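Asker: Have a look at this prediction, sequence included:
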Amino acid sequence: MAKISIIGLGQMGLPMCRNLLKAGHDVKAFDINPESLLNAANDGAVAAEGIAQAVVDAKFVITMLPIGRHVLEVYQNGVLDNFAPGALLIDCSTIDVNESREAHRLAAKAGALSLDAPVSGGTIGAEQATLTFMVGGSDEAFTMAEPILKDMGKKIVHCGEAGVGQAAKICNNMLAAISMIGAAEAFTLGERLGVSNQVLFDVMSTSSASCWSVNNYCPVPGPVPAAPSNNGFQPGFSTALMTKDLGLAQSAALSSNASTPLGAEATHLYRLFMSQGTGELDFSGIIEFIRGGKEKRDP
């Protein structure tokens, strides 16, 4: 059993907190949303009154926050002045690579070990403790964190040095968005040509079109019962978060002089989709945009 602090109890942070509690850890939690904090307390976590109280005696400090600015603010306004000697800081947020490296730099300056450890698997993976963690940081920090991460995830990958976990995450999500758009286009075309969704799924899931977006997260209802398409596109992984991650990927592509034309087009399409007020829908809901896309595309 370890003393763990978790800061950020949103759609991902709260189920991660629950899994740490199920594993027998002593968890102290904090979130600026009183309702989220109450939910964590009802699950058995100790509700902290602030960041300083949350981290003061924790061996592991986990952050799961929306954007990089929030991570840096939390580090500079509570974490770095109050963490316990020998504590490990683990940021599970998905943020800009440069902001992640700045968080590592601040942690090192304060004398703390740190990791960036963004996740893949969405809310279902968070609830079922089947997340994939993409981890950046030193071998020492990774070895220390791995047993804790295994209580929240199924696959833990040490991707490289500081910030490389974030780099791997945005590459992964860029491809997931591109492939989901491709799956949506294929099913839409099949519908127009009179091919049933089930027949097309049976073909594509076992042939050269086989991919996660078809096999595990099919954007049409029926073939994959657990997919958000069978639940009104309730996330899952929201369109707002996917659009954010695509923006991070495009910023990284620009700064590294990488050519990502399909990533750029996916970013464009998801931003258009989100402009229709769909940010809270699962990102596989892009099929609804594709079905009427010609009328809704920019000229």
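Answerer: Perfect, I can see it now.
Asker: what residues are up against residue 64?
Answerer: 6-10, 12-13, 16, 92-93 (Cβ atoms under 8 Å, 6 or more residues apart in numbering). All C-beta atoms are positioned from the backbone trio N, CA, C, and that covers glycine.
Asker: can you give me phi and psi for it?
Answerer: phi -140, psi 90 (degrees, to the nearest 10).
Asker: For it, give me the pLDDT.
Answerer: You'll see residue 64 listed with a pLDDT of 98.
Asker: Tell me the spacing between it and residue 131.
Answerer: Distance of residue 64 to residue 131, computed by Cβ to Cβ, to the nearest Å: 11 Å.
Asker: can you list residues touching both of those two?
Answerer: Counting by Cβ under 8 Å, 6+ apart, the common neighbours of residue 64 and residue 131 are residue 16.
Asker: Alpha carbons of the longest strand seen in the chain, as CSV, please.
Answerer: Ranked by residue count under DSSP state E, the longest strand found in the chain is strand 153-160. The C-alpha trace of strand 153-160 is given here as CSV (Å, rounded to 0.1, in the frame of the first residue of the first chain):
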residue,chain,number,x,y,z
GLY,A,153,-3.8,0.2,-16.6
LYS,A,154,-3.1,-3.0,-18.6
LYS,A,155,-0.1,-1.9,-20.6
ILE,A,156,2.7,0.3,-19.3
VAL,A,157,5.2,1.4,-22.0
HIS,A,158,8.4,3.3,-21.2
CYS,A,159,8.6,5.4,-24.3
GLY,A,160,11.9,7.3,-23.6
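Asker: quick one: buried residues of it?
Answerer: 153, 156-159 (16 or more other Cβ atoms under 10 Å).
Asker: next one: stretch 110-120
Answerer: If you call a residue buried by 16+ other Cβ under 10 Å, then stretch 110-120 has these buried ones: 112-120.
Asker: any chance you could map the strands in the stretch 51-200 of the chain?
Answerer: Per DSSP state E, counting those that start in this stretch, the stretch 51-200 of the chain carries strands over the ranges 60-63, 88-91, 113-116, 119-120, 131-136, 153-160.
Asker: Each with direction, which strands does the longest one pair with?
Answerer: Strand partners for strand 153-160, identified by DSSP bridges, are recorded as strand 131-136 (parallel).
Asker: Off-centre distance for the strand it pairs with?
Answerer: Centroid displacement of strand 131-136 relative to its chain, using Cα atoms, centre = their mean, to the nearest Å, is 10 Å.
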